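[1] Fold the stuff below for me.
(one chain, ligands or ions: 1)
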Amino acid sequence: MTLIYKGRETAVRIDKETAVRVTALREKGIAPCLAVVRVGERPDDMAYESGLMKRASELAVNVRRVLLPADVRQDAVERVIDDLNADEAVHGILVFCPLPAHLNERAVCERIAPDKDVDGTTAMSAAGVFLGKPIGYPPCTADAVVRILEDRQVPLRGRKVCVVGRSNVVGKPLSLMLIGKSATVTVCHSATADLPAETLAADIIVSCAGRAGLIGRRHVRPGQVVIDVGINFDKDGRMCGDAAAEEIDGIVGAMTPVPGGVGSVTISVLMSHVAEAAGRKRL
Ligand code: NAP
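    Coordinates of the predicted model:
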């Protein structure tokens, strides 16, 4: 039988810890606050924003929304970031990406002060992940994968993990975080010669390739844990992950569903980073 690791269950446990932390901060007169900067009105951003605002309100985390027109100038966005960096009441800054094409996204993200970079977008946060030091924060999705594995008590030390995907936002930071947990990590990508050979050799497969059906029957064996980060849409417009869930269900030991898996944990991780940021400086 394959266990289904529902993200919501891990999210609830992370939220409980965050709520305790927020209460302690508020008793000290600190109200954790996340600033979200949204340029334009992309439906994806607005959906994420409304989910985030709901969770923040449940956890007593303040959210300051900064909404900018789609044709905003680079210097205006950068001024907004500078003001938020300087504002002591703001502990975390999230910029919805991708930004419109006329903006230099990297320059905007790099402007976020590392101690407020709760979504891990700056080079300083990447350095923190690389060094395993609390400089900035790891990207929320990569952190969500590690939290799910830890929450489900999946041992990492000495275990073989195959990460499929090497992007700067998910695969690469995740691989480094797993090395930090003493896992033996193999990173696969589009030039990997024999993907099934790599995934079959692993105890844990994390797929973050963004390819529906990439991980099928011939990639898995009994006992493995499959964490599916992919968000794709099938030909009928239904959301699905990278794993052909119906093929591997019944073979692997455990897997995360899509939807309802890693994605459900990401906002909880973000809120935990905001609470941590609010406490890092002053507690
Ligand atoms: P990305 O930048 O497109 O990176 C995809 C990675 O997968 C690349 O490294 C690519 O290899 C590799 N890849 C593509 N096809 C492959 C194949 N056939 N075999 C092996 N590797 C392959 O994507 P991303 O931003 O990392 O996101 C990955 C997925 O996670 C997407 O579906 C995205 O929507 C999803 N996501 C989910 C969450 C969440 O909260 N659940 C958050 C963020 C992203 P190359 O480097 O060689 O091109």
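[2] From the opening residue of stretch 219-231 to its closing one, how far?
    19 Å (Cα to Cα, to the nearest Å).
[3] Distance from that stretch to the middle of the chain?
    Computed by Cα atoms, centre = their mean, to the nearest Å, the chain-centroid distance of stretch 219-231 equals 18 Å.
[4] How about the residues of this protein by the ligand?
    Proximity of the chain to the ligand is confined to 141, 164-167, 169-171, 188-192, 195, 208-211, 214, 229-232, 262-263, 266 under the rule Cβ under 6 Å from any ligand atom. For the C-beta atoms, the positions are set from N, CA and C on the backbone; glycine is no exception.
[5] With adjacent residues omitted, what lies nearest to residue 46?
    With sequence-adjacent residues excluded and distances taken as Cβ to Cβ, 6 or more residues apart in numbering, residue 46 is closest to residue 38, at 7.6 Å.
[6] now do residue 264
    With sequence-adjacent residues excluded and distances taken as Cβ to Cβ, 6+ apart, residue 264 is closest to residue 7, at 3.2 Å.
[7] do residue 134 as well
    The nearest residue in space to residue 134 (Cβ to Cβ, 6+ apart) is residue 128, at 6.4 Å.
[8] With residue 81 instead?
    Per Cβ to Cβ, 6+ apart, closest to residue 81 is residue 111, 4.3 Å.
[9] need the contact list for the one you found.
    With contacts defined as Cβ atoms under 8 Å, 6 or more residues apart in numbering, residue 111 is in contact with 78, 81, 82, 85.
[10] In helices, which of the residues you listed fall?
    Of the contacts of residue 111, the ones assigned to helices by DSSP state H are 78, 81, 82, 85.
[11] Identify the residues contacting the third one.
    In other words, residue 82. residue 111.
[12] Strands of the protein, residue ranges please.
    Along the chain, counting by DSSP state E, strands occupy 3-4, 33-39, 62-68, 92-95, 160-164, 184-188, 204-207, 225-228, 232-233, 239-240, 254-255.
[13] Just the buried ones from the contacts of residue 111?
    Neighbour counting with 16 or more other Cβ atoms under 10 Å marks 78, 81, 85 as buried within the contacts of residue 111.
[14] pretty sure the first one is touching residue 107, no?
    What it means is residue 78. Yes: contact criterion Cβ atoms under 8 Å: residue 78 and residue 107 qualify, at 7.1 Å.
[15] returning to that earlier point: nearest to residue 280, out of the strands of the chain?
    Nearest of these to residue 280, taken as Cβ to Cβ: strand 92-95 at 10.6 Å.
[16] which helices and strands does that closest one pack with?
    Applying 3 or more Cβ pairs under 8 Å, 6 or more residues apart in numbering; DSSP states H and E, one finds that strand 92-95 makes contact with strand 33-39, helix 74-86, helix 262-282.
[17] Determine the set of other helices and strands touching the longest one.
    Under the contact definition 3+ Cβ pairs under 8 Å, 6+ apart, helix 262-282 sits against helix 7-27, strand 33-39, helix 43-58, strand 92-95, helix 140-151.
[18] Quick one: mean pLDDT for it?
    In this model, helix 262-282 has a mean pLDDT of 93.
[19] how big is the angle separating that helix from helix 43-58?
    60 degrees (axes from the mean of the first three to the mean of the last three Cα atoms, to 10 degrees).
[20] CA atoms only: put helix 262-282 into PDB for me.
    Extracted as PDB, the C-alpha positions of helix 262-282 are listed here (Å, rounded to 0.1, in the frame of the first residue of the first chain):
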ATOM      1  CA  VAL A 262       4.100  20.300  -1.600                       C
ATOM      2  CA  GLY A 263       2.100  23.300  -2.700                       C
ATOM      3  CA  SER A 264      -0.100  23.200   0.500                       C
ATOM      4  CA  VAL A 265       3.000  23.500   2.600                       C
ATOM      5  CA  THR A 266       4.700  26.400   0.900                       C
ATOM      6  CA  ILE A 267       2.600  29.200   2.500                       C
ATOM      7  CA  SER A 268       3.100  27.600   5.900                       C
ATOM      8  CA  VAL A 269       6.800  27.700   5.400                       C
ATOM      9  CA  LEU A 270       6.600  31.300   4.200                       C
ATOM     10  CA  MET A 271       4.800  32.300   7.400                       C
ATOM     11  CA  SER A 272       7.300  30.400   9.500                       C
ATOM     12  CA  HIS A 273      10.100  32.400   7.800                       C
ATOM     13  CA  VAL A 274       8.300  35.600   8.600                       C
ATOM     14  CA  ALA A 275       7.900  34.700  12.300                       C
ATOM     15  CA  GLU A 276      11.600  33.700  12.300                       C
ATOM     16  CA  ALA A 277      12.600  37.000  10.700                       C
ATOM     17  CA  ALA A 278      10.600  38.900  13.300                       C
ATOM     18  CA  GLY A 279      12.300  37.100  16.100                       C
ATOM     19  CA  ARG A 280      15.900  36.900  14.700                       C
ATOM     20  CA  LYS A 281      16.800  40.500  15.400                       C
ATOM     21  CA  ARG A 282      15.100  41.200  18.600                       C
END
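[21] Thanks a lot, see you next time.
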